[in-house]
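J.: fold the stuff below for me.
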Amino acid sequence: MGRSRKSFDRLLKGYRYKDLVFRMTKVPVLRTLGQRFLDADSLTLTYVPVLEDIELPPGAVAPVSVIEHFINEASHHLILNRCPCRSGGECRDFDPQFGCTFIGPAVTDVDPEVGTLVTKQEALDHLREATEAGLVSCLGKFKGDAVMMGLKDHKRLMTICHCCPCCCISTSMHHASRDARDLLVRMEGVRVEVTDECNGCGLCVESCIFKQVTVTDGTAVIGEECKGCGRCAMTCRRGGVRVFVEDPAYIDECIERIASRVQVN
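T.: Numbering: from 1, shown residues only. Predicted structure coming up:
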């Protein structure tokens, strides 16, 4: 059995140190400890843009299909009874009780007071609710999640976080070393660009949790480390930022990359 609820709650008190954990990847003396949770074997995550008006090639399916694929393939599904980030960050904009989804055989060891086993359909419904609430989902593998729940089997545990822009642990990612930042991979084929409608208002700058949008000469500029989450486009009131997909085979490429790192059945 995994970590008890009491132990889980104690661990959440460490949320306040999340910036420090990411900064540790830049300090040579501390890098080894930080990379226990932030290395290529322990972490690969991808944000999935959920914009209704994302531009797709003819015949291509929406990015959220990647998450639906893994939920449909998974042997077991679990929803945390509360979100660690929103709970630890005392979120006021989104419900802290709306928990992350985890899939794969390892979830059967999670303490029932920490998370609830659900059906495949319930997991899909939870994903839909997250999207409708304005949360942006991120999936992949993060060894830190296994540690948080007291699970030894992090290789058969897939994370599906439903992230808010105010409390998600990813808001600390920009503090990490470049190698660690690159472990959060933009979805294959997804591109973000500024349109002629941009008036340089700066709303997109405020919305980017990765600090990858700036305004230069009155126009927004997207940085090279953009993770393709689409929050900037969701925030823009003028259509000044668009998210589009170039390659119709992008879904298969993304599924292949993530499936090579984590087993869900």
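J.: and the contacts of stretch 247-254?
T.: The set of residues external to stretch 247-254 that reach it, using Cβ atoms under 8 Å, 6 or more residues apart in numbering, is 46, 56-61, 63, 65-66, 69, 187-190. Any C-beta I mention is one placed from the backbone N, CA and C, and that applies to glycine too.
J.: worst-scoring helix or strand of this structure, pLDDT-wise?
T.: The weakest-scoring helix or strand in the chain, judged by mean pLDDT, DSSP states H and E, is helix 28-34 (a mean of 62).
J.: which is the next helix or strand following that one?
T.: Of the helices and strands lying after helix 28-34 in sequence (DSSP states H and E), the nearest is strand 43-47.
J.: helices and strands around the very next helix or strand once past that following strand, which ones?
T.: Next in sequence after strand 43-47, counting helices and strands by DSSP H and E, comes helix 65-73. Packing partners of helix 65-73 (3 or more Cβ pairs under 8 Å, 6 or more residues apart in numbering; DSSP states H and E): strand 101-103, helix 120-132, strand 136-142, strand 158-163, helix 250-259.
J.: repeat that for 7 Å
T.: Where contact means 3 or more Cβ pairs under 7 Å, 6 or more residues apart in numbering; DSSP states H and E, helix 65-73 is packed against helix 120-132, strand 136-142, helix 250-259.
J.: then the shortest one to CSV, C-alphas only?
T.: Spelled out, that is strand 136-142. Written as CSV, here are the backbone C-alpha positions of strand 136-142 (Å, rounded to 0.1, in the frame of the first residue of the first chain):
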residue,chain,number,x,y,z
VAL,A,136,-4.9,22.5,-19.3
SER,A,137,-3.9,18.9,-19.1
CYS,A,138,-0.3,17.6,-19.1
LEU,A,139,0.6,13.9,-19.5
GLY,A,140,3.6,11.7,-19.3
LYS,A,141,5.8,10.3,-16.5
PHE,A,142,7.1,12.1,-13.4
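J.: tell me the strands beside that strand, with direction?
T.: Strand pairing for strand 136-142, using DSSP bridges, gives strand 43-47 (antiparallel), strand 158-163 (antiparallel).
J.: list of residues touching the helix or strand following the longest one?
T.: The first helix or strand that comes after strand 158-163 along the chain, using DSSP H and E, is helix 178-181. Counting by Cβ atoms under 7 Å, 6 or more residues apart in numbering, helix 178-181 makes contact with 22, 25, 38, 173, 225, all of which sit outside it.
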